[in-house]
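Asker: my questions are about this predicted structure, shown below with the sequence.
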Amino acid sequence: MTVLVGRVPGSDPGPGALVLGTRLARALGGPLVVCTVASPGDADAHADAAPVVDGVDVETIVVEDRSVPGGLARAAHAQHASVIVLGDAPPGPGSVGARLARSADVPVALAGDRAVHDGPITRVTCAFGGGRHAPRVLATAVDLARRTGASVRVASFGPQRGPTVPPEAGLHAEEIVVEQWRDQMLAAQRAALAELGVTDAETVAAAEASVEEAVESIGWDDGEILVVGANAAGAATRVLLGDPGGAIVRGAPVPVVLTPGTTTLA
């Protein structure tokens, strides 16, 4: 299962991207390909020497494309890559990560400065939104956990005051709505896990003053990875640009894997 780390000419892919790519390659048992996307006809574009990584076969390649996301997506297809790793942390509007998450048909892992842990993947948390894509996103998270020997956690995040609770309604009404939301999300999580035959996953539904604070509140391990659906907020790019998906990505203190909702990594 090939892991593709993307970079652009004249830049380093970043230590976080290489560390995360190495962790995934070791866990998935496949090679690591570091891919540079160069403009067509760029005479200076060349494949750098492959870094030496203990226990992982590493290759460097160059592809020519006018679009960095397009070049990476094409390279991932040619290399039969299971995941693309980038250094975005977090990606913003118009970034390579945002555009690639919209167009790629494989998961996109975002490392940035968060992938400082170089040990094994110990837990996979799935951000569960309860929409029609949620079961498929959960299936990807479960598949990643099974392949890496990690435990599974399913988490839903929300703001303390929902859009249906006006401020004048009072604290008691707000608490009732939040508890109803928690009950609904936990029930949906358990049903989706049962469909996948998973019986030992942790489930949590956290509501705080903001989605970012809800993400922070559940606690995170050094060896953890968060899986988020690229369609979590409707249109694919809204997971990076708007609430609640964008807030989850921004608040995550661990590497994030954006998935289009395929049921497996391969």
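Answerer: Received the coordinates, thanks. All values reported here derive from a predicted model rather than from experimental measurement. Numbers count the residues shown, from 1 in each chain.

Asker: next, count neighbours for residue 50.
Answerer: For residue 50, the count of nearby residues is 14 (other C-beta atoms under 10 Å). (Each C-beta comes from the backbone N, C-alpha and C, glycine too.)

Asker: my bad, residue 99
Answerer: By other C-beta under 10 Å, the residues close to residue 99 number 21.

Asker: ok, residue 31 to residue 151 distance?
Answerer: 26 Å (C-beta to C-beta, to the nearest Å).

Asker: helix, strand or coil for residue 206?
Answerer: Here residue 206 is recorded as strand under DSSP: H, G, I helix; E, B strand; the rest coil.

Asker: not counting its neighbours along the chain, what's nearest it?
Answerer: Spatial nearest neighbour of residue 206, excluding adjacent residues (C-beta to C-beta, 6 or more residues apart in numbering): residue 214 at 4.2 Å.

Asker: I'd say that neighbour and residue 178 touch.
Answerer: No - in this structure, residue 214 is not within contact of residue 178 by C-beta atoms under 8 Å, at 10.7 Å.

Asker: overlap of the contact sets of these two?
Answerer: Residues touching both residue 214 and residue 178 (C-beta atoms under 8 Å, 6 or more residues apart in numbering) are 158, 207.

Asker: for whatever helix or strand the residue nearest to residue 206 lives in, buried residues please.
Answerer: Using DSSP states H and E, residue 214 sits within helix 211-217. For helix 211-217, a neighbour-count test (16 or more other C-beta atoms under 10 Å) marks 211, 212, 213, 214, 215, 216 as buried.

Asker: how are the strands of the stretch 101-250 of the chain distributed by residue range?
Answerer: Secondary structure of the stretch 101-250 of the chain (DSSP state E, counting those that start in this stretch): strands at 108-110, 123-127, 151-159, 202-208, 224-229.

Asker: mean neighbour count and mean pLDDT for the ones you listed - can I get that in a markdown table?
Answerer: What follows is these, written out as a markdown table (neighbours: other C-beta atoms under 10 Å; pLDDT from 0 to 100):
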| stretch | mean neighbour count | mean pLDDT |
| --- | --- | --- |
| strand 108-110 | 29 | 89 |
| strand 123-127 | 26 | 96 |
| strand 151-159 | 22 | 92 |
| strand 202-208 | 19 | 94 |
| strand 224-229 | 26 | 92 |
